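[1] quick one, structure for this:
(one chain, ligands or ions: 1)
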Amino acid sequence: MEAKCKGKYIPPHKRGLIASETQTSKFEAFINKKDSESAESSWGRRDRRNGLLDTKILTETEAFFSQVKLESEGFEENMPIDISENFPEMTSFEDCEVHQTLLENIKKLRYNKPTPIQKYSIPVSLQRRDLMACAQTGSGKTAAYLFPIVAKMLNDGPPQSQTTVRGAVPVSLIMAPTRELSIQIYEEALKFTYRTGIRVVVVYGGADPKIQSRELDRGADIIVATPGRLIDFTNRGRITLNLVKYLILDEADRMLDMGFEPQIVMILEKMNKVRETGMFSATFPQSIQLLAADLMKDYIFLSVGRVGSTTDNITQKLFMVDENEKREILNQQIKDIKGLILIFVETKRSADFLCEYLRRMDYGCTTLHGDRTQPEREKALSDFKHERYNILVATDIAARGLDIPNVNCVINFDTPNNIEDYVHRIGRTGRIGKKGIAISFINEKNKPVVKELYSLLYECNQEIPEWFEDFYNSLVIKKPKAKRIYRNFN
Ligand SMILES: Nc1ncnc2c1ncn2[C@@H]1O[C@H](COP(=O)(O)OP(=O)(O)OP(=O)(O)O)[C@@H](O)[C@H]1O
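    Next comes the predicted model:
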């Protein structure tokens with residue numbers, strides 16, 4: 001029996017056996033032979049029938065493809081893998097019998113081979129299992145979930161009941177914590193769905209809801225969203241979630257922490273219980289893992305490298321700097337750095353002040369923070385990406401997920417007191433095998449993060465300055481209790 005099962009990963013040891021096996025037969029119903037044989041998918045045929053072909057999006061996506069450069073300098077291959085059930089890894093994207101258009105899109109993206117997280121997670125998702133996946137920043141987690149979603153959707157074909165409901169009735173929902181990250185995921189999803197006929201729409205706060213609403217009216221098969229705006233649209237009946245089969249929480253630990261969790265629960269309540277869920281992040285504190293586990297069924301846990309660790313490609317430097325010396329030291333440090341520099345500060349006000357200062361020092365600088373309007377935020381990010389300014393001063397809204405090529409250096413002007421934030425922030429550099437530098441200014445205010453930071457530096461083989469060793473020791477070595485002196489009165 002031929003081992004080819006469309007949209008499903010077939011591990012090398014199972015090729016040539018297959019169809020009678022349970023995993024395979026479970027998916028036979030979804031296999032649409034015509035789809036995989038013809039260049040056009042059933043989604044494409046649907047669009048043609050309904051006059052939905054969107055040439056503007058196609059042209060836009062072609063422009064994205066033309067910007068793709070082969071940036072990877074080789075990923076770390078020998079990472080420790082922890083997986084809760086044995087799933088053989090895939091060695092190439094072609095291992096998966098997926099629609100040829102998806103494989104062509106992978107070629108256009110110039111992904112020659114899967115990264116370690118992709119190798120292990122794609123087979124799990126194609127076997128339609130829930131997944132909690134943790135891998136370092138910049139290791140290709142976005143493709144790790146987009147590839148199987150698009151593969152499965154191409155397999156399944158459009159849902160029959162879709163046309164009877166008003167508004168958008170997505171099959172896949174991807175949620176992310178920030179507007180900029182949602183836009184980035186949307187643009188990635190356009191590349192994966194190019195010429196498949198699958199429509200992707202992004203909805204996020206701060207942008208004109210009328211424009212987003214018009215897009216939704218044309219139909220949305222994959223929706224990428226920030227939670228607040230998604231709730232608005234579902235409450236207004238513009239988005240119906242009861243056909244969602246594939247749910248992804250990107251930056252899942254952030255999505256499930258206290259800030260977002262109530263909104264996520266509200267959204268999940270509107271969804272069909274029968275769905276496949278994927279949760280992805282570079283960090284996953286244990287308490288959040290427990291919460292996440294409650295939202296999945298019989299899930300696979302996968303980690304590539306230690307949960308919450310960072311890549312050795314980032315050289316992490318620490319400086320002991322008092323608050324009033326920070327600007328001066330910053331000036332000394334950035335003078336000779338080539339390429340893009342991303343500086344993190346704690347507050348929106350300090351972002352503006354620091355940017356102003358750097359401009360006075362003749363640096364090309366812009367800011368990204370929550371007090372700016374959405375168009376200003378998008379322009380700032382685009383100006384930075386396209387190197388119109390080589391310094392971006394940002395608050396934590398730029399900490400997670402953003403994939404900006406050529407960020408050579410991240411500076412924690414105000415180092416966060418939470419190790420997860422630290423890991424995500426410095427992860428804006430040293431992506432996909434590239435080298436990067438992360439500089440952090442530390443002082444007494446950072447006591448809460450010292451222990452975890454020390455462990456992180458140690459495990460990533462980073463140089464630990466003597467003063468930091470002392471700082472650490474002063475916090476961990478308990479002072480001996482004063483000895484009681486028993487006087488001898490004899
Ligand atoms: N197989 C691959 N080959 C080459 N490049 C890849 C591959 N997969 C992903 N990339 C590229 O790697 C970069 C980082 O990927 P991505 O943004 O998905 O990382 P991430 O793991 O989600 O990071 P973060 O934790 O910061 O969100 C992107 O530019 C992406 O296009």
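[2] send the alpha carbons of stretch 261-278 over as CSV?
    Provided in CSV are the C-alpha atoms of stretch 261-278 (Å, rounded to 0.1, in the frame of the first residue of the first chain):
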residue,chain,number,x,y,z
GLU,A,261,-6.4,35.1,30.4
PRO,A,262,-9.9,36.3,31.0
GLN,A,263,-10.2,37.4,27.4
ILE,A,264,-8.8,34.1,26.1
VAL,A,265,-11.3,32.1,28.2
MET,A,266,-14.1,34.3,26.9
ILE,A,267,-13.0,33.6,23.3
LEU,A,268,-12.6,29.8,23.9
GLU,A,269,-16.2,29.7,25.2
LYS,A,270,-17.4,30.9,21.8
MET,A,271,-15.6,28.1,20.1
ASN,A,272,-16.3,24.6,19.1
LYS,A,273,-14.9,22.2,21.7
VAL,A,274,-13.7,19.9,18.9
ARG,A,275,-10.6,21.6,17.8
GLU,A,276,-6.8,21.2,17.6
THR,A,277,-4.8,23.6,19.8
GLY,A,278,-1.2,24.6,19.5
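[3] got the buried residues for that stretch?
    For stretch 261-278, burial by neighbour count (16 or more other C-beta atoms under 10 Å) applies to 263-264, 267-268, 271, 275-278. For the C-beta atoms, the positions are set from N, CA and C on the backbone; glycine is no exception.
[4] need the contact list for the residue nearest in space to the middle of the chain.
    The centre of the chain sits closest to G401, judged by C-alpha atoms, centre = their mean, with a distance of 4.5 Å. Contact partners of G401, counting by C-beta atoms under 8 Å, 6 or more residues apart in numbering, are 176-178, 181, 184-185, 250-251, 424.
[5] looking at the residues you listed, point me to the pair that's furthest apart.
    I185 and H424 (15.5 Å; C-beta to C-beta).
[6] redo the buried residues of stretch 261-278 as JSON lines? Include pLDDT and distance to S172.
    As requested, these are exported to JSON lines (pLDDT from 0 to 100; distance: C-beta to C-beta, whole Å):
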{"residue": "Q263", "pLDDT": "95", "distance to S172": "19"}
{"residue": "I264", "pLDDT": "96", "distance to S172": "16"}
{"residue": "I267", "pLDDT": "97", "distance to S172": "14"}
{"residue": "L268", "pLDDT": "95", "distance to S172": "15"}
{"residue": "M271", "pLDDT": "92", "distance to S172": "12"}
{"residue": "R275", "pLDDT": "95", "distance to S172": "10"}
{"residue": "E276", "pLDDT": "97", "distance to S172": "10"}
{"residue": "T277", "pLDDT": "97", "distance to S172": "11"}
{"residue": "G278", "pLDDT": "98", "distance to S172": "10"}
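[7] get me the contact residues on the stretch 251-400 of the chain for the ligand.
    Residues of the stretch 251-400 of the chain lying near the ligand by C-beta under 6 Å from any ligand atom: A282.
[8] what residue in the stretch 251-400 of the chain comes nearest to the ligand?
    A282 (4.2 Å; C-beta to the nearest ligand atom).
[9] how about the helices in the stretch 201-350 of the chain?
    Remark: helices assigned in the stretch 201-350 of the chain by DSSP state H, counting those that start in this stretch are 209-217, 227-235, 252-255, 261-269, 286-294, 326-334, 348-360.
[10] what angle sits between the first one and helix 227-235?
    Our comparison of helix 209-217 with helix 227-235, counting by axes from the mean of the first three to the mean of the last three C-alpha atoms, to 10 degrees, yields an angle of 60 degrees.
[11] which secondary structure elements does helix 209-217 sit against?
    Packing contacts for helix 209-217, counted by 3 or more C-beta pairs under 8 Å, 6 or more residues apart in numbering; DSSP states H and E, involve strand 200-203, helix 227-235.
[12] buried residues, the last one. List them.
    This means helix 227-235. In helix 227-235, counting by 16+ other C-beta under 10 Å, buried: 227, 229-234.
[13] could you redo those as JSON lines and give each row pLDDT and distance to the ligand?
    As requested, these are exported to JSON lines (pLDDT from 0 to 100; distance: C-beta to the nearest ligand atom, whole Å):
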{"residue": "P227", "pLDDT": "97", "distance to the ligand": "17"}
{"residue": "R229", "pLDDT": "97", "distance to the ligand": "20"}
{"residue": "L230", "pLDDT": "98", "distance to the ligand": "20"}
{"residue": "I231", "pLDDT": "97", "distance to the ligand": "23"}
{"residue": "D232", "pLDDT": "97", "distance to the ligand": "25"}
{"residue": "F233", "pLDDT": "97", "distance to the ligand": "25"}
{"residue": "T234", "pLDDT": "96", "distance to the ligand": "26"}
